[in-house]
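Have a look; sequence and predicted model below, questions after that.
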Amino acid sequence: MDVIIQTNIDKYSVFGVNYFLSKYGFFPENVEEKLHLIIIRNNDNTQPDGQIKGWVEFEGIRLPVLLPPSRISDQGAPLLTYTNGEVEYPCAIITDSNIIISLDVFRHLGFFLSGHLEKTWALIQEEKKDIIEVPFVDYYCDFLLSCLQIIHNKQNIPIIHKAFWPDGKSCAVCLTHDVDEVKKTYQWITYPLKLILKGNFGIIIPQYRSFIQKLRGHEPYWTFDEIIQMEGSRGVRSSFYFLKETGKILLFDRKTWHHYGRRYDFNDKPIRKLLQDLYSREWEIGLHGSFYSYLDPEKLHIEKEALELSLGMSVTGSRQHNLNLKIPNTWLYQESAGLFYDTTLGYNDCLGFRWGISFPFRPFYAKDNRSINILQIPLAIEDLPYFRCQHPWNEFLIIFNHIKVTHGVLTLLWHQTVFNENEYPGWAREYEQIIDYCKNHNAWIGSTKQIYEWWTRREKTTIDWNFDGTFLKISPVPKEQEHFIKIYLPDSLKIKEVHNATIIRCDQKECEIKTDILQKEEVIEITFSRV
């Protein structure tokens, strides 16, 4: 029995296949033998035109389709059904001998992860908000894995892959702060005026309290100590992205005024002390690329060097100010500047997953037929659009539940300015509640650099295995480090004994193990008993 899926021979399909296999740590060379996955190539060169052509539903979740699948005969039970509102038919079925999939999942992954949906979102600005609430790339991968599990279960064979996160954690949460301003300037006038014009006269008292606080020597936007205390007491760390803004300020162009308020110098004594103090206490310092740097590789390089000079250390990653991106140019400029990750890919007018993915990934640069070296850690929730929601906490729960099901990463952006309780009452407390909720639901929580370091280490590891019916041997590389490995168990097998590894958690369907540091000839040995 096998999973049989059709895909194209083009570069998007090749990328999609490689992405799926590398996500789980499967070897491309023996997918037929060990995974029972047969990939049939075709020459259907139909190109997506930017329109969503229909939907499939997996575990109650709607996933967008760019290229309609071919109709499969009704000789098997449907596993996936395609519909465009006018027609409806199966595009994945299970028969007595195989699972057959006509939807080109791999080609979809290639298009999704090369930015093709940017055209789509430009056409459906409002409708996109409901679609991107779902990490549909992750669900597509989960669908393929579920098909493999069905086949392996029928043949009494376990599936082994690299765990996504360490220590048996079900998902990850990435904590970030953009440091746009370090002191309040023009906002003393513009912010209350904007709210008063909207009829919100209640803003006057908080502004007065904030001003009194300023007169007493405490800058309302300097909330770093509060953040450190709050995160540190929970045993977590976050990333701070610092800005070197040089955008022109035009007196009669109000849109440029914010450039003035966001000018601070990395070499100013308080800023330099702050940078070094945060770093010494293991909070990450990253670059917040200035407003126009996403179009200017030289500017981006200069800003990175200036931050590193003040910090006295190299900088690993960045987020572009205002989430400005020119795709793929900005990432190529970041590559050239010597950055290693970026966490700009998101929206500041809504919540969710801009490219339908929550996992770290390297975008496909179709022009050069390669992956861009800048690891993307997608942004899901920014504070400003979050608090514009009618029921923010409910929106968080929806997104986090998707993250927990798919085992991805939830990236949060809370500007340090909103930890000023006078002007943003409850915003800091909501951030605390999100962290506490995620910790209580088995999430691994850390800075973007911690996510980056874990994921790149995971990318560099491999696992191979052999199974003879009751005995499983797993060979991880490199052997001189610990590995976290997930094992999906068929109904007929139960783990009896484990050598050179520790079971972290185990139930009837799956187990996760942590390997010992192995000697040259040692492997992980697992003995099963029949249920």
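On my side now, so go ahead. Note that the coordinates shown come from a computational prediction; the quantities given were computed from them, not determined experimentally. Numbering: from 1, shown residues only.

Do you have the strands of the stretch 401-531 of the chain handy? List them.
Taking DSSP state E, counting those that start in this stretch, the strands of the stretch 401-531 of the chain run over residues 409-413, 443-446, 462-467, 471-477, 484-488, 493-499, 501-506, 510-515, 524-530.

Spit out the contact partners of residue 108.
Residue 108 is in contact with 16, 65, 66, 67, 140, counting by Cβ atoms under 8 Å, 6 or more residues apart in numbering. Yep, even glycine has a C-beta here, placed from its N, CA and C like the rest.

For the third one, which non-adjacent residue is spatially closest?
When the adjacent residues along the chain are set aside, residue 66 lies closest to residue 48, with 4.0 Å between them (Cβ to Cβ, 6 or more residues apart in numbering).

same check, this time on residue 262
Closest residue to residue 262 apart from its sequence neighbours, by Cβ to Cβ, 6+ apart: residue 245 at 4.3 Å.

who are the neighbours in contact with that neighbour?
Listed by Cβ under 8 Å, 6+ apart, the contact set of residue 245 reads 259, 262, 263, 290, 291, 321.

cool, residue 128 as well?
Residue 128 touches 120, 121, 350, counting by Cβ under 8 Å, 6+ apart.

Residue 367: which of those residues is nearest?
residue 120 (19.6 Å; Cβ to Cβ).

Span of stretch 415-424 from start to end?
End-to-end distance for stretch 415-424, by Cα to Cα, to the nearest Å: 11 Å.

any idea how far residue 160 is from residue 459?
17 Å (Cβ to Cβ, to the nearest Å).

In terms of helices and strands, where is the residue nearest to residue 66?
For residue 48, there is no enclosing helix or strand under DSSP states H and E.

Quick check, pLDDT for the residue lying closest to residue 491 once chain neighbours are set aside.
By the measure of Cβ to Cβ, 6+ apart, the closest residue to residue 491 outside its immediate chain neighbours is residue 153, 6.0 Å from it. With respect to pLDDT, residue 153 scores 94.

My guess is residue 153 contacts residue 490. True?
Yes. Here residue 153 reaches residue 490: they are 4.5 Å apart, a contact under Cβ atoms under 8 Å.

Please tell me how far residue 110 sits from residue 53.
16 Å.

swap that for residue 27, sorry
For residue 27 relative to residue 53 (Cβ to Cβ), the value is 33 Å.

For the residue nearest to residue 66, list the residues it contacts.
Counting by Cβ under 8 Å, 6+ apart, residue 48 makes contact with 66, 67, 111, 116.

pretty sure the second one contacts residue 104?
Right, the one you point to is residue 67. Yes. Between residue 67 and residue 104 there is a contact at 6.1 Å, judged by Cβ under 8 Å.

And those two? Which one has more around it.
Between residue 67 and residue 104, residue 104 has the larger neighbour count (other Cβ atoms under 10 Å), namely 27 against 17.

Report how many residues lie close to the nearest residue to that one once chain neighbours are set aside.
Distances taken as Cβ to Cβ, 6+ apart put residue 7 closest to residue 104, at 5.1 Å, once the chain neighbours are dropped. Residues near residue 7, counting by other Cβ under 10 Å, number 24.

for residue 323, same thing?
By other Cβ under 10 Å, 19 other residues sit near residue 323.

Look up how far residue 340 lies from it.
Going from residue 323 to residue 340 by Cβ to Cβ gives 19 Å.

And the contacts of residue 48, which two are furthest apart?
Across these (Cβ to Cβ), the longest gap, 10.8 Å, separates 67 and 116.

Please enumerate the helices of the stretch 1-150 of the chain.
With DSSP state H, counting those that start in this stretch, the ranges of helices along the stretch 1-150 of the chain come out as 11-24, 105-112, 117-123, 128-131, 136-154.

wait, which of the ones you listed is closest to residue 382?
In terms of Cβ to Cβ, the element of the helices of the stretch 1-150 of the chain nearest to residue 382 is helix 128-131, at 13.5 Å.

Show me how far that closest one is from its chain's centre.
The chain centre lies 17 Å from the centre of helix 128-131; the measure is Cα atoms, centre = their mean, to the nearest Å.

In it, which residues are buried?
Buried residues in helix 128-131, defined by neighbour count with 16 or more other Cβ atoms under 10 Å: 128, 129, 131.

Could you do stretch 306-314 as well?
306, 307, 308, 310, 311.

Could you check how far residue 474 is from residue 49?
From residue 474 across to residue 49, the span is 45 Å (Cβ to Cβ).

Give the residue from the two that has the larger number of neighbours.
Neighbours per residue (other Cβ under 10 Å) separate residue 474 from residue 49, with residue 474 holding more: 21 against 10.

how near is the residue nearest to residue 491 to residue 510?
Between residue 153 and residue 510 the computed distance is 12 Å (Cβ to Cβ).

neighbour count winner among these two?
Comparing residue 153 with residue 510 by neighbour count (other Cβ under 10 Å), the higher total belongs to residue 153, at 18 against 14.

so how far is residue 147 from the more buried one?
Taking Cβ to Cβ, one finds residue 153 at 11 Å from residue 147.

what do you get for residue 281?
Note on residue 281: its distance to residue 147, by Cβ to Cβ, is 47 Å.

can you check residue 382 too?
Counting by Cβ to Cβ, the separation of residue 382 from residue 147 is 35 Å.

Between these two, point out the one with more neighbours.
Neighbour count, other Cβ under 10 Å: between residue 382 and residue 147, residue 147 has more, with 25 against 22.

The lengthiest strand in the chain pairs with which strands?
Looking across the chain with DSSP state E, the single longest strand is strand 171-179. Note on strand 171-179: by DSSP bridges, its sheet partners are strand 239-243 (parallel), strand 409-413 (parallel), strand 443-446 (parallel).

In this protein, where is pLDDT below threshold?
Along the chain, the parts satisfying pLDDT under 70 run over 184-205, 207-208, 210-212, 214-217, 247-261.

Break it into its domains for me.
Following automatic domain parsing, the chain resolves into domains at 2-162, 168-184+219-456, 186-218, 461-530.

Sweet, I'm off.
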